[in-house]
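1. Quick one, fold the following:
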Amino acid sequence: MNTHSRFLAVLLWLTTAPAAFAGSFVDLTVTGRVTPDACHVTLSDDGTVDHGKIPSHTLNPSEFTVLPTRLLELSVQCSRPMLFALVGLDNRAESSLDPGAFYGLGRNLHAPAERLGSVALSYRNPMGDAQVMQALASSDNGETWSPQATANPRAYVGFAPPGDRQPDFIGQLSTQLRIDTSINFAQYLTLNQEVPLDGAIVLDLRYL
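-> Residues are numbered from 1 along each chain as shown. Now for the predicted structure:
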């Protein structure tokens, strides 16, 4: 009997055996889930930048008022080296003064037609798997890449060793996320009541 027929004979015995031993068996259930490899993204300070109270008289009437730059620590931990990019999605895009380059800061709660300002994001000092990295940006969903630290809305940003022109496989990434916030010209804003700044951005990790 060859190997294939022996295997069939065993299967046949296992299938017919319960009839011969009725009442002398137990059920066995095998469960579980096969999950895809994945990456987990975290931001320091719970991803919150709070500029506190800004007196309206300190705002420039005819220029943008640039607030202090803030840095958050961003970390990506993957179950194995993965090819990925980070994409910034603006939840306040309708308030952006330049949706292609800046994220919106929300609208004036008391005068909804007024847009409050802009937020710019960029990546600084990226390290991937204990190696120095550079940021690469793509404006065509990952078809072409160029060195660029700025993370414009909807642009893909990947990471690779200096000199490379395509994102690399990375298991552990750490980088600083720089947040630059500017308030619109004060002459365009109604500021006789307290106005909350309301920027809301999602950093979406996408596998390439």
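2. From what I see, residue 124 and residue 178 are in contact.
-> Yes - with contact defined as C-beta atoms under 8 Å, residue 124 and residue 178 form a contacting pair (5.3 Å). C-beta: built from backbone N, CA, C; applies to glycine.
3. So for those two, which sits in the more crowded spot?
-> residue 178 (18 against 12; other C-beta atoms under 10 Å).
4. now the more buried one, what's its secondary structure?
-> strand (DSSP: H, G, I helix; E, B strand; the rest coil).
5. just checking, it touches residue 126?
-> No - judged on C-beta under 8 Å, residue 178 makes no contact with residue 126 at a distance of 11.6 Å.
6. where does this protein dip in pLDDT?
-> 1-23, 34-36 (pLDDT under 70).
7. quick one: the helices in it?
-> 3-20 (DSSP state H).
8. Tell me the spatial nearest neighbour of residue 102, not counting adjacent residues.
-> residue 118 (3.8 Å; C-beta to C-beta, 6 or more residues apart in numbering).
9. And for residue 116?
-> Residue 116's closest residue in space is residue 105 (C-beta to C-beta, 6+ apart), at 4.3 Å.
10. Who are the contact partners of that neighbour?
-> In this structure, residue 105 makes contact with 92, 95, 115-119, 181-184, 197-199, judged by C-beta atoms under 8 Å, 6 or more residues apart in numbering.
11. What is the burial count for residue 197?
-> Burial of residue 197 is recorded as 16 neighbouring residues (other C-beta under 10 Å).
12. Surely it is in contact with residue 119?
-> No - Residue 197 lies out of contact with residue 119 (C-beta under 8 Å); the separation is 9.2 Å.
13. which residues are common contacts for residue 124 and residue 178?
-> Contact criterion C-beta under 8 Å, 6+ apart; residues shared by residue 124 and residue 178: residue 71.
14. What's the separation between the residue nearest to residue 130 when sequence neighbours are not counted and residue 149?
-> Nearest residue to residue 130, sequence neighbours excluded (C-beta to C-beta, 6+ apart): residue 172, at 8.0 Å. As judged by C-beta to C-beta, to the nearest Å, residue 172 and residue 149 stand 20 Å apart.
15. of the two, who's got more company?
-> residue 149 (17 against 14).
16. Quickly list what's touching both of residue 197 and residue 119.
-> 105, 181.
17. Give the burial count for the closest residue to residue 144 other than its chain neighbours, as a bare number.
-> Setting aside the residues directly before and after it, residue 144 is nearest to residue 138 in space (C-beta to C-beta, 6+ apart), at 6.1 Å. By other C-beta under 10 Å, 20 other residues sit near residue 138.
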